[in-house]
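**Student:** Could you work out the structure for the sequence below:
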Amino acid sequence: MSEYLPLLGAVAPVFIIIAAGWIIRRIGWLNEEADATLLRVIVNLLYPCLIIDTVLGNPALEKAGNVLLAPVVGFGTVVLGYAICWFAAPLFDAHEPRARRTFAFTTGIYNYGYLALPIAQTRFGKDTSAVLFIHNVGVEIALWTIGIMVISGVVHRGGWRHVINGPFIAILGAGALHFAGARWWMPSVVMDAVHRLGATAIPLGVLLTGATFADHMRNLSAGGRIMTSIGACALRLGLLPVLMLALAIWLPCPIELRRVIVIQAAMPCAMIPVILAKHYNGDPSLAMRSVLFTSVLGLLTIPFWLQLGLRWIGSI
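**Tutor:** The predicted model follows:
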């Protein structure tokens, strides 16, 4: 219990910003028309700046395990999540194909970005944050290949093109600059500007997440499959964290990657399946319920899993 409250203190500000995003959407300060522009700025400018600022000169990237294993772990943990949730879906009233696909797609992937990164930054600084960026390359590949196949029920050959985005290019570019020693020869005024821009990426991204919550909650009916929401919590906040913590303990890898695995193990469902469920013939309402239930309960379970996992890997 000694570490639970400090960890809760690291998690709570993210949820407060999400709540702020929900409020400013409901009172009309941030309208839906602004979302596309704001998201484009975050994804193509601010987030890449954060990646560059975090990666350049980072000693954690001198360890081969962090560079080579991290994306493999990201890919593997998401695919494992999809598989387990697919087979478990009928146990939680997701028998019909559309419901089963949506349940597996939503519950199988954790909130790997805007919720995980602030925790990594607050608790461990740039070393672990840089490894988290590399880890998330594997997550994105799993999402846009295996994930799209799960939610749509068919093979989409062009899904991998979505992996080639601003953050992905920024990771490759920042990695090249890092090994070229750019932190030491790049003008300080440029790095200062990159740092200032990057510092705004997560707050704005989390704020937009809250606004998106507000949009989808408007269309949420009082009925629906309560068992699928219970199942999402049981799997995403119960079984899957145990499996991922076991991986963090037994996988021979650097401490930074172990921390990333622990952080991701504690995460609730990601928000992006709600959006993609609309485009790939899924059930957006079921997806939203899973995200909402795991996120609300996650405020209490995230510190628990973080405390347990970090203690097991010797990082507390």
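**Student:** Could you list the low-pLDDT ranges of the stretch 201-316 of the chain?
**Tutor:** 219-224, 316 (pLDDT under 70).
**Student:** Helices of that one, start to end?
**Tutor:** Counting by DSSP state H, counting those that start in this stretch, the stretch 201-316 of the chain has helices at residues 201-218, 226-234, 240-250, 255-265, 272-279, 284-312.
**Student:** which non-adjacent residue is nearest L308?
**Tutor:** L245 (6.9 Å; Cβ to Cβ, 6 or more residues apart in numbering). Yep, even glycine has a C-beta here, placed from its N, CA and C like the rest.
**Student:** related to what we said a few turns ago, out of the helices of the stretch 201-316 of the chain, indicate the one that is most buried.
**Tutor:** Burial of the helices of the stretch 201-316 of the chain is given as mean neighbour count (mean count of other Cβ atoms under 10 Å); helix 255-265 ranks first at a mean of 26.
**Student:** SS state for the residue sitting nearest the centre point of the chain?
**Tutor:** Nearest to the geometric centre of the chain sits Y112, at 1.5 Å (Cα atoms, centre = their mean). Assigned by DSSP: H, G, I helix; E, B strand; the rest coil, the conformation of Y112 is coil.
**Student:** just checking, it touches M267?
**Tutor:** Yes: contact criterion Cβ atoms under 8 Å: Y112 and M267 qualify, at 6.8 Å.
**Student:** Okay, now the unreliable bits of the stretch 51-200 of the chain?
**Tutor:** Within the stretch 51-200 of the chain, the stretches with pLDDT under 70 are 156-160.
**Student:** how about the strands of it, start to end?
**Tutor:** Here the stretch 51-200 of the chain has no strands by DSSP state E, counting those that start in this stretch.
**Student:** Just the helices from it, written as ranges.
**Tutor:** Under DSSP H, counting those that start in this stretch, the stretch 51-200 of the chain gives helices at 64-88, 97-107, 116-124, 126-142, 148-152, 166-179, 182-185, 188-198.
**Student:** could I get these as TSV with mean neighbour count?
**Tutor:** Below are these laid out as TSV (neighbours: other Cβ atoms under 10 Å):
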stretch	mean neighbour count
helix 64-88	19
helix 97-107	25
helix 116-124	22
helix 126-142	25
helix 148-152	22
helix 166-179	17
helix 182-185	12
helix 188-198	13
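**Student:** Which among the ones you listed is found nearest to L299?
**Tutor:** With Cβ to Cβ as the measure, helix 116-124 is the member of the helices of the stretch 51-200 of the chain nearest L299 (12.4 Å).
**Student:** between that closest one and helix 201-218, how big is the angle?
**Tutor:** Interaxial angle, helix 116-124 versus helix 201-218 (axes from the mean of the first three to the mean of the last three Cα atoms, to 10 degrees): 140 degrees.
**Student:** Output the contacting helices and strands for helix 116-124.
**Tutor:** Here helix 116-124 touches helix 4-26, helix 126-142, helix 201-218, helix 255-265, helix 284-312, going by 3 or more Cβ pairs under 8 Å, 6 or more residues apart in numbering; DSSP states H and E.
**Student:** export those to a markdown table and tack on distance to A116?
**Tutor:** Formatted as a markdown table, those follow (distance: least, Cβ to Cβ, whole Å):
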| stretch | distance to A116 |
| --- | --- |
| helix 4-26 | 10 |
| helix 126-142 | 6 |
| helix 201-218 | 10 |
| helix 255-265 | 5 |
| helix 284-312 | 10 |
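**Student:** closest to N58 out of the ones you listed?
**Tutor:** helix 126-142 (4.4 Å).
**Student:** just how off-centre is stretch 30-42 within its chain?
**Tutor:** Distance of stretch 30-42 from its chain centroid, counting by Cα atoms, centre = their mean, to the nearest Å, is 20 Å.
**Student:** tell me which residues of it are tucked away?
**Tutor:** For stretch 30-42, a neighbour-count test (16 or more other Cβ atoms under 10 Å) marks L30, L38, I42 as buried.
**Student:** Dump the C-alpha coordinates for stretch 17-26 into CSV.
**Tutor:** Output of stretch 17-26 as CSV, limited to C-alpha atoms (Å, rounded to 0.1, in the frame of the first residue of the first chain):
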residue,chain,number,x,y,z
ILE,A,17,-7.4,16.1,-18.1
ILE,A,18,-9.7,13.6,-19.8
ALA,A,19,-12.5,14.9,-17.6
ALA,A,20,-11.5,18.5,-18.7
GLY,A,21,-11.8,17.4,-22.3
TRP,A,22,-15.2,15.9,-21.7
ILE,A,23,-16.4,19.2,-20.1
ILE,A,24,-15.1,21.6,-22.8
ARG,A,25,-16.8,19.4,-25.4
ARG,A,26,-20.1,19.5,-23.5
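**Student:** Mind listing what's buried along that stretch?
**Tutor:** I17, I18, A20, G21, W22, I24, R25.
**Student:** That's all I had, so thanks and see you.
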